[in-house]
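**Student:** got a predicted structure plus its sequence, pasted below:
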Amino acid sequence: MVSKTKEITTLIKNAKKEARAEVKKTPQEEAPYTGPVKWPVNCIVGPGLEGAIACESKIGYVNGSKGELIYRGYDIFDLCAHSSFEEVSYLLLHGELPTGKQHERFSSQLLHCRRVPQTIRTLMGFPVEKMNAMAALRLGTNLMRQESTYVDQEAYRPDRFPSISADEDSIPMETRPRGEKHAIYEFKEKKGGSKPKEVDKKYGPPVGFTPTYRLISGVATIAGAVERIRRGALPLEPDPDLSHAGNLVYMITGRRPTPIEERIMDVTLILHADHGMNASTFATMVVASTLSDMYLAVGSGIAALNGPLHGGANAEVLKMLREIDDPKKAKGWFEQTCEKKKKIMGFGHRVYKAYDPRARVLGPLAEYLVENRGSDEIKRLYATAKELEKLAIARLGETKGIFPNVDFYSGIVYSCLGIPVEMFTALFAVSRVAGWTSRVMEYLENNRIFRPRAVYAGSFGKKYVPVAKREE
């Protein structure tokens, strides 16, 4: 696919050159939060665990001051220019890019896992048309657990672990952490209950690489089905001749994408696959650390991503651009917004203090799509976005480190591909499954249940008063 879309590759390579020209220092000169961890760690922690060090990871790294995003040592620009989502998923999961045979076998496994007919049939029995896309996607993921694993079968019984009593894990955490190599209380086994002989062979384990492959493929199929059902159409079977990205466009829109559209969707999936210890990744890992299963852990990630402080900003960007409506009105709108100290959607990032590398890639892709197949409305919105970007960078870029983030152009890209606004956050989840499951698999190798503590700020010594004597 990459060889047929060289113009897209060229756009990405040019974006990389532009990014490197603006940041002249080498990555080795400034690389905070890298290297092996020697536990226990001293760090400054803010509310919401901000700044806390929870684990080590070799999967992804964000250098916000330089605008760099690294997957397993590879620059995101290079992966977008030359790789595919299938290849990147393998890289995140297994640590290295696949050989030819490994890539062929992995792609074949994803192809096999793309069909989840029982899940789709069951999902159609729910009022999906009345649900938001993320709620339906989370429901579908839970239903896929029933189709794919034996853990909900009547014959299944978990193994008898030397498990702890409810919340007993909190006892050692009321003292200062000492950085033990293993948890004071932990399960000695990490594989879950054994598969009963009476269960059909088609059912697989709830943890491990098998459910990981099924989730990467199956969640994409569910997303396509959710959109079709929401607008009164029947879900489509995956097309074995299309890539993961191509199938995603096909199952959502009902039309086979062009090679260019397939390639651009592929790039967007790569860009969203992983991004450090964000809220949805952390939620997924917390659930998995209890030795729950992969399906419920991913469902937690979807639930976290549903929150407006995490997902959905690209839809808000389009809403904002429609509100401005015209590039000629951008300056007045911008000045008024700055005066009222309101947030400009799609600008700024908690991590990046340089131009988000994902936005570097999505900007040229949006321009390409708008010029070649954009409607008059999309062309006007894109022109408005470019004018707003120019104004914001001039005012906020160098002084405050506020630049476009991944959400600023992704909505325009998705719109040009025919994706409804309601599905934008669902596409984020479809991509991020690869990162979520990769980090879970890595963490479970040396699992320790997450157990932060709170500082008690309440009262002591209160006397109990019977209800009849309490004043209203």
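**Tutor:** In hand now; what should we look at?
**Student:** span of stretch 439-452 from start to end?
**Tutor:** 19 Å (Cα to Cα, to the nearest Å).
**Student:** would you mark the buried spots in it?
**Tutor:** Buried residues in stretch 439-452, defined by neighbour count with 16 or more other Cβ atoms under 10 Å: R439, V440, M441, E442, Y443, L444, N447, R448, I449, F450. Where you see a C-beta, it was placed from the backbone N, CA and C, and this is true even at glycine.
**Student:** these in helices, which ones?
**Tutor:** Judged by DSSP state H, the subset of the buried residues of stretch 439-452 located in helices is R439, V440, M441, E442, Y443, L444.
**Student:** rewinding a little: okay if I get the buried residues of stretch 439-452 as a markdown table plus pLDDT and distance to N247?
**Tutor:** As requested, those are exported to a markdown table (pLDDT from 0 to 100; distance: Cβ to Cβ, whole Å):
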| residue | pLDDT | distance to N247 |
| --- | --- | --- |
| R439 | 96 | 25 |
| V440 | 96 | 24 |
| M441 | 95 | 24 |
| E442 | 95 | 27 |
| Y443 | 93 | 29 |
| L444 | 91 | 29 |
| N447 | 88 | 33 |
| R448 | 87 | 37 |
| I449 | 88 | 37 |
| F450 | 89 | 35 |
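**Student:** nearest to E7, of the residues you listed?
**Tutor:** R439 (33.9 Å; Cβ to Cβ).
**Student:** before we move on, the earlier item: tabulate the buried residues of stretch 439-452 (TSV), appending distance to A304.
**Tutor:** Formatted as TSV, the buried residues of stretch 439-452 follow (distance: Cβ to Cβ, whole Å):
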residue	distance to A304
R439	13
V440	14
M441	19
E442	19
Y443	16
L444	19
N447	20
R448	21
I449	18
F450	14
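**Student:** ok, residues contacting the helix or strand where L269 lies?
**Tutor:** Using DSSP states H and E, L269 sits within helix 259-272. By Cβ atoms under 8 Å, 6 or more residues apart in numbering, the residues outside helix 259-272 that reach it are 1-2, 4-5, 7-8, 12, 76, 79-80, 83-85, 88, 242-246, 248-249, 257, 358, 361-362, 365, 368-369, 372, 406, 410, 413-414, 417, 427-428, 430-432.
**Student:** buried subset of these?
**Tutor:** Buried, going by 16+ other Cβ under 10 Å: 5, 8, 12, 76, 79-80, 83-85, 88, 242-246, 248-249, 257, 358, 361-362, 365, 368-369, 406, 410, 413-414, 417, 427-428, 430-432, out of those.
**Student:** got the buried residues for the helix holding L269?
**Tutor:** 260-272.
**Student:** what is the burial count for the residue nearest to Q109 when sequence neighbours are not counted?
**Tutor:** Leaving out its chain neighbours, the residue that sits closest to Q109 by Cβ to Cβ, 6 or more residues apart in numbering is Y213, at 5.1 Å. Y213 has 21 neighbouring residues, counting by other Cβ atoms under 10 Å.
**Student:** tell me which element Y213 is part of?
**Tutor:** helix 209-230.
**Student:** distance from that helix to the middle of the chain?
**Tutor:** 14 Å (Cα atoms, centre = their mean, to the nearest Å).
**Student:** strands of this structure, residue ranges please.
**Tutor:** Using DSSP state E, the strands of the chain run over 60-63, 68-71, 74-75.
**Student:** point out where this protein drops to low pLDDT.
**Tutor:** 1-3, 24-32, 155-201 (pLDDT under 70).
**Student:** could you chop it up by domain?
**Tutor:** 83-308+421-444, 313-416 (automatic domain parsing).
**Student:** closest one to E68 among those domains?
**Tutor:** Nearest of these (Cβ to Cβ): domain 313-416, 6.4 Å.
**Student:** how far does that closest one sit from its chain's centre?
**Tutor:** Using Cα atoms, centre = their mean, the offset of domain 313-416 from its chain centre is 21 Å.
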